[in-house]
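Student: A predicted structure for the sequence below; I have some questions about it.
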Amino acid sequence: MDAPLVTILDDEPQIRAMLSEALQDAGFRTATFARATEFEAALRHTTPDVCLVDLGLPDRDGLAVVHRLALESGAAIIIISGRAQVQDRVTGLELGADDYIIKPFDPTEVIARVRARLRSPKAPDRAQNTARFNGWTAQFDSYILTDASGVETPFSHAEGEVLRLFLNAPKRLISRQHMQESLGGAAGDSFDRAMDVRISRLRTKLGEDPKNPRLIKTIYGAGYIFLGDVTWS
């Protein structure tokens, strides 16, 4: 089996070279790009496992690239940026990124974050990528939610990680600590905010009433419970 492929989109050649060398030494395959147009052209023929994306690109808004990736690709998305403001991090996560690393960084931190993103929660059987619950069908091989009338809604890799975690443990309390241990990433306000964003987006896509959700219930001070009846195939 081929090693996981990590694509690096950054206009700084030193950063591309540093990340590529560190990731290859850690056992990953890499492909590097300086411009969004080159990166998006390569995606027509290449399926990366993880995409590292800088926000300060010469030919495209990096956040727009992240949003398109989240909608159209099954790859995990990690933003690497010099923008350290909280609002930039929040916006990146809301648009579908899985993680956010601020420049300057240690390459070992990037490797650890990449590995964490590749440790996705597993379904009861690795061959089972379709879950059905309460009139919904979630297809994790194509990142599509289908409602009872056949209307399809795409979900991102980040949202899929959380949804799979819920569907693997219906009607059981899932604590924030368990989510952090299962999904990877450093515990703290950034992780909690990322989870809040993903769960909010999932509730919207599932047509939940934000004031009284039927499927994903918040147990304040404890975590979440998914109340659906789930079958995998």
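Tutor: Perfect, I can see it now.
Student: which residue sits closest to Ala34, ignoring its sequence neighbours?
Tutor: Asp11 (5.2 Å; C-beta to C-beta, 6 or more residues apart in numbering). No exception for glycine: its C-beta is placed from N, CA and C like everyone else's.
Student: how about Ala194?
Tutor: In space, Ala194 is closest to Leu93, 5.0 Å off (C-beta to C-beta, 6+ apart).
Student: which strand or helix spans the one you found?
Tutor: helix 86-94 (DSSP states H and E).
Student: check Ile225 too.
Tutor: Going by DSSP H and E, Ile225 is in strand 223-226.
Student: output that strand as CSV, nothing but the C-alphas.
Tutor: Listed next in CSV are the C-alpha coordinates belonging to strand 223-226 (Å, rounded to 0.1, in the frame of the first residue of the first chain):
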residue,chain,number,x,y,z
GLY,A,223,-20.7,16.1,26.2
TYR,A,224,-23.2,14.9,23.5
ILE,A,225,-25.5,12.0,22.8
PHE,A,226,-26.6,10.9,19.3
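Student: heads up, I number from 779, so please use that
Tutor: Sure, I'll start counting at 779 from here, so that last one is strand 1001-1004.
Student: ok now that strand, how far from the chain's centre?
Tutor: 19 Å (C-alpha atoms, centre = their mean, to the nearest Å).
Student: again, but for stretch 887-896
Tutor: The mean C-alpha position of stretch 887-896 is separated from the chain mean by 12 Å, C-alpha atoms, centre = their mean.
Student: kindly export that stretch (C-alpha atoms) in PDB.
Tutor: Only the C-alpha atoms of stretch 887-896 are listed here, as PDB (Å, rounded to 0.1, in the frame of the first residue of the first chain):
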ATOM      1  CA  GLU A 887       4.300  19.600  15.100                       C
ATOM      2  CA  VAL A 888       3.000  19.500  11.500                       C
ATOM      3  CA  ILE A 889       3.900  15.800  11.300                       C
ATOM      4  CA  ALA A 890       2.000  15.100  14.500                       C
ATOM      5  CA  ARG A 891      -1.000  17.000  13.300                       C
ATOM      6  CA  VAL A 892      -1.000  15.200   9.900                       C
ATOM      7  CA  ARG A 893      -0.800  11.800  11.700                       C
ATOM      8  CA  ALA A 894      -3.700  12.800  14.000                       C
ATOM      9  CA  ARG A 895      -5.900  13.800  11.000                       C
ATOM     10  CA  LEU A 896      -5.200  10.400   9.500                       C
END
